[in-house]
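# Predicted coordinates and the sequence they were generated for:
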Amino acid sequence: MLEDKSVSLLALASDINTLYRRQTMNFTKQLFEMTSMALPDVTARTFSRYLGKSEGYYGSITAQNLDISTNSLLFLSELLDQKSSNNPNKRITELQSMIAQEVARRMQTLETQNIAVRKLVMKSIARAYMNSEHDFSAPPIVIC
């Protein structure tokens with residue numbers, strides 16, 4: 001009876017630990033996990049290449065607790081678009097959406113001297129996305 005309770009408590013502690021890790025996981029690690037679910041052959045080295053970087057890139061930025069560069073996110077999005085055209089996959093579409101949201105978030109916090117320029121960029125992104133809403137591809141992303 002006591003062993004059953006201790007096993008149950010250990011399982012509960014493991015579940016709580018898993019939930020905590022998911023809540024505190026940064027964007028880079030979430031992106032890697034979602035990519036490995038969408039593309040099962042992905043390793044840390046292939047993920048780095050999918051980002052357009054050297055094989056050690058992902059390991060280096062995770063060790064330093066840095067974010068993936070915006071250019072690398074765009075490179076990955078283009079690669080996912082190519083893979084999706086060959087083999088449509090719901091997880092790839094979700095992954096592209098996650099990337100688009102992150103890039104849009106970064107664009108909103110971009111230091112710009114002219115707020116009007118920033119508004120024009122965001123409006124053009126939104127307009128292009130709305131025009132291509134019926135297409136089955138990632139939303140457009142613009143970097144200024």
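Good, I have the coordinates.

# I'd like to know which elements the helix or strand hosting Glu102 is packed against.
In this assignment (DSSP states H and E), Glu102 forms part of helix 90-108. Judged by 3 or more C-beta pairs under 8 Å, 6 or more residues apart in numbering; DSSP states H and E, helix 90-108 is in contact with helix 27-38, helix 70-86, helix 115-131. Every residue, glycine included, has its C-beta placed from N, CA and C.

# between that helix and helix 70-86, how many degrees?
150 degrees (axes from the mean of the first three to the mean of the last three C-alpha atoms, to 10 degrees).

# List the buried residues in helix 90-108.
Of all the residues in helix 90-108, those buried under the rule 16 or more other C-beta atoms under 10 Å are 92-93, 95-96, 98-100, 102-104, 107.

# With stretch 74-90 instead?
Neighbour-count burial for stretch 74-90 flags 74-77, 79-80, 84 (criterion: 16+ other C-beta under 10 Å).

# Go through those and name the one nearest Met122.
Leu74 (16.7 Å; C-beta to C-beta).

# among the helices and strands packed on helix 90-108, which is nearest Arg45?
With C-beta to C-beta as the criterion, Arg45 lies closest to helix 27-38 of the helices and strands packed on helix 90-108, at 11.7 Å.

# Show me which residues of that closest one are buried.
Buried-residue list, helix 27-38, by 16+ other C-beta under 10 Å: 28, 31-32, 34-35, 38.

# Now do the helix or strand just after that helix: which elements does it pack against?
Using DSSP H and E, the helix or strand that directly follows helix 27-38 along the chain is helix 44-50. For helix 44-50, the packing partners by 3+ C-beta pairs under 8 Å, 6+ apart come out as helix 27-38, helix 57-63, helix 70-86.
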